[in-house]
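A.B. asks: here's a sequence, model it:
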Amino acid sequence: MTLLNAPEYDERRENRRRNILVGSGTFLAAMIVLTIGGFMMGHGWLFINLPAEHRVSVFLSTVQAGDYSKAFGIWNNDPEWQQHPERYKDYPLQRFSEDFSTASDWKGPITSYHVDYSRRNSAGTVVRATINGSVPLTLNYQRSDGTLGFFPYELTRGI
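C.D. replies: Predicted coordinates for the structure are as follows:
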């Protein structure tokens, strides 16, 4: 092939090629920013822990409102728990209400909260929240059944 019989310039093809390259670069840059940003902010790679954090936030807002019956349903992932309370005889509503009211470690009902950050483990997501301005509360969200539970260790930021 000589210069005189070279293929004709195809503007549509070149525009498509340029757009694919720019789009791929933009997508890759956005994924890098989201991946590192989610990890650095404490919400998991690509902000994957946000659904569990949202569930804990809904739970804590329900407890803050004083609706312990509804909060108990969120805790056990069973909104119809009142139809079969015998399933929860090991941790009944009475004990649950005491844990999140005057008999709690934070010495009173929840008046304010903030979900700080979270980490994934093999069974679920551990979420750390700050209760009443300064007291840490660490809850475990089980992915298998959607229940919440207390986490026995303090969760800290970092790798």
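
A.B. asks: alpha carbons of the lowest-mean-pLDDT helix or strand in the chain, as PDB, please.
C.D. replies: When the helices and strands of the chain are scored by mean pLDDT, DSSP states H and E, helix 93-99 comes last with a mean of 89. The C-alpha trace of helix 93-99 is given here as PDB (Å, rounded to 0.1, in the frame of the first residue of the first chain):
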ATOM      1  CA  LEU A  93     -38.600  -6.600  74.700                       C
ATOM      2  CA  GLN A  94     -38.400  -5.800  78.400                       C
ATOM      3  CA  ARG A  95     -34.600  -6.400  78.600                       C
ATOM      4  CA  PHE A  96     -34.100  -4.700  75.200                       C
ATOM      5  CA  SER A  97     -35.900  -1.600  76.600                       C
ATOM      6  CA  GLU A  98     -33.800  -1.600  79.700                       C
ATOM      7  CA  ASP A  99     -30.600  -1.800  77.600                       C
END
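
A.B. asks: give the pairing partners of the helix or strand just after it; include direction for each.
C.D. replies: Where DSSP states H and E defines the elements, the next helix or strand beyond helix 93-99 is strand 113-120. Its sheet considered, strand 113-120 pairs with strand 124-131 (antiparallel) by DSSP bridges.

A.B. asks: could you pull out the buried residues of the partner strand?
C.D. replies: 124-129, 131 (16 or more other Cβ atoms under 10 Å). C-beta: built from backbone N, CA, C; applies to glycine.

A.B. asks: farthest pair within those residues?
C.D. replies: Gly124 and Ile131 (20.2 Å; Cβ to Cβ).

A.B. asks: how does the protein divide into domains?
C.D. replies: Segmentation of the chain into domains, based on automatic domain parsing, reads 3-41, 45-150.

A.B. asks: quick one: distance of the first one to the chain centre.
C.D. replies: When you say that, I think you mean domain 3-41. Centroid displacement of domain 3-41 relative to its chain, using Cα atoms, centre = their mean, to the nearest Å, is 32 Å.

A.B. asks: tell me the buried residues in it?
C.D. replies: By neighbour count on 16+ other Cβ under 10 Å, the buried set for domain 3-41 is Gly38.

A.B. asks: low-confidence regions, the chain specifically.
C.D. replies: For the chain, applying pLDDT under 70 flags the ranges 1-3, 103-104, 106-107, 158-159.
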